[in-house]
Each structure stands twice: as C-alpha cells, then as structure tokens.
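Asker: Next come a sequence and a model predicted from it.
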Amino acid sequence: MHCSFTMSSGPGHVDNGAAPDMAGPMSMDEAVWHVVHDYEGGLDEVARHLGIPSGTLQHKVNRNNKTHYLRPEELLAAMLFTGNAHALHAMAAALGFVCTRATPDQAGGDPVEAVMRLEVAQADFIRALADAVLAGDGQVTRNQVRRAEAMGQELIASVGHAVAMLRGRMRPAPAATY
C-alpha cells in the first residue's frame, strides 16, 4: 500500500523561503494573529463568520493591543473556520506538549489490518527519513522535514489505532466475589 498527500502552497510553503511555515513555538499573540490573517478569505470574512465587526476582530488579534482579546470560544470558532491551528500548537508548546491530528481508524477492528497499517505507516516514516538524509548534499529541505513530520504523525496515529484495536478485544474483567 502506498500513501501520498499534497501540502498547500500558501505563505511559507516554499522549499527555499527564509521562514518556515510554522517555526518552532510561536507566542500566543503571534499565533492568534496568524489564525485570522493567514486565512485566504481575509480578516473580514473571518469576522463575518464570528459575528463581530472587522475592526473589533482586528483589535482582538493585534499583537500590540493588550486590552482586547478573543474569547476562547471565538478563538476555537476562528480556528475551526480557517483550519489554522497555530494557536492550539502555541498553547501546547507553552505547556510542554505537542498536538497530533486525530485520524480515523481505517482497520475497522480487524487485528491483521491494524497491524498491517501500523507497519505500512512505519515504513512510510522510515522512507521519508531515508529519502531526506540520502538525497542531495546532506542538507535537508523544509519539504523533506514536513514529509517526515507528516509520516511521523501518521505512524503515531497508527500506534493509537492498534492499541485501540487491542482494547476493543479485551475480555471483560472477572466479576468481583466477596
């Protein structure tokens, strides 16, 4: 089985650009700004979706404004609408965590299928690492890193699915006798 995907070619998704698309941990102010301003439809469309005036949204995401903020519900709605999770990643990084996109289980509870998918994900991850390390002059590109990260995330999800399959096949605990 072979898996492929395409990354959008938005700002920062260039192989030789000066800044990565999501450089290390961002500050919360910067991440919230990007959630709104990186959206193709623009700030006005995000504001319309949130049901607040554009000027108010501009003030709420202005990195220099310390009096106006997006409420948590507004921030979540903005991230869901724009598909941009920078603020989620910034929060996780500040707390010492990383976020992984949840992918649905494709094995349907079949243990052979779950193990096969786990092995395929592991092979895809190793292939992404090897392709990056063995290609070129020893330097890796941003695209190669993004591919390895994506394959790593799929591997993590596959591990979760395999463990969930085991959990689903667990026999019930014996009844307590007193």
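Answerer: Thanks, I have the structure now.
Asker: pull the longest helix from the protein.
Answerer: helix 142-168 (DSSP state H).
Asker: helices or strands next to that helix in the packing?
Answerer: helix 111-134 (3 or more Cβ pairs under 8 Å, 6 or more residues apart in numbering; DSSP states H and E). Every C-beta, even on glycine, is put in place using the N, C-alpha and C of the backbone.
Asker: Show me which residues of the helix it packs on are buried.
Answerer: 113, 114, 117, 118, 120, 121, 124, 125, 128, 129, 132 (16 or more other Cβ atoms under 10 Å).
Asker: coming back round to it: pull out the buried positions in the longest helix of the chain.
Answerer: Result for helix 142-168 [16+ other Cβ under 10 Å]: buried residues 142, 144, 146-148, 150-158, 161-162, 165.
Asker: so what's the residue positioned nearest the centre of the chain up against?
Answerer: Nearest residue to the geometric centre of the chain (Cα atoms, centre = their mean): residue 101, 4.9 Å. Going by Cβ atoms under 8 Å, 6 or more residues apart in numbering, residue 101 touches 153, 157.
Asker: Can you check what pLDDT the model gives it?
Answerer: Looking at residue 101, its pLDDT reads 74.
Asker: any idea how far residue 85 is from it?
Answerer: Going from residue 101 to residue 85 by Cβ to Cβ, to the nearest Å gives 8 Å.
Asker: Residue 105 too?
Answerer: Taking Cβ to Cβ, one finds residue 105 at 21 Å from residue 85.
Asker: go on, residue 42?
Answerer: In this view, residue 42 and residue 85 are 19 Å apart by Cβ to Cβ.
Asker: out of those two, which sits in the more crowded spot?
Answerer: Neighbours per residue, other Cβ atoms under 10 Å: of residue 42 and residue 85, the larger number sits with residue 85, 17 against 12.
Asker: which residues sit in contact with the closest residue to the more buried one other than its chain neighbours?
Answerer: Leaving aside its sequence neighbours, residue 85 sits nearest to residue 79 (Cβ to Cβ, 6 or more residues apart in numbering; 5.6 Å). By Cβ under 8 Å, 6+ apart, the contact set of residue 79 is 35, 85, 87, 88.
Asker: what about stretch 168-178, how long is it end to end?
Answerer: Using Cα to Cα, to the nearest Å, the end-to-end distance of stretch 168-178 comes to 28 Å.
Asker: And the contacts of it?
Answerer: 109, 111.
Asker: Show me the shaky parts of this protein.
Answerer: 1-25 (pLDDT under 70).
Asker: Could you rerun that using 50?
Answerer: Counting by pLDDT under 50, the ranges of the chain that qualify are 1-23.
Asker: Identify the structural domains in it and state their residue ranges.
Answerer: Domains of the chain are assigned by automatic domain parsing as 28-94, 111-168.
Asker: okay, those in TSV with distance to residue 174 next?
Answerer: Compiled in TSV, the domains of the chain are given as follows (distance: least, Cβ to Cβ, whole Å):
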stretch	distance to residue 174
domain 28-94	39
domain 111-168	18
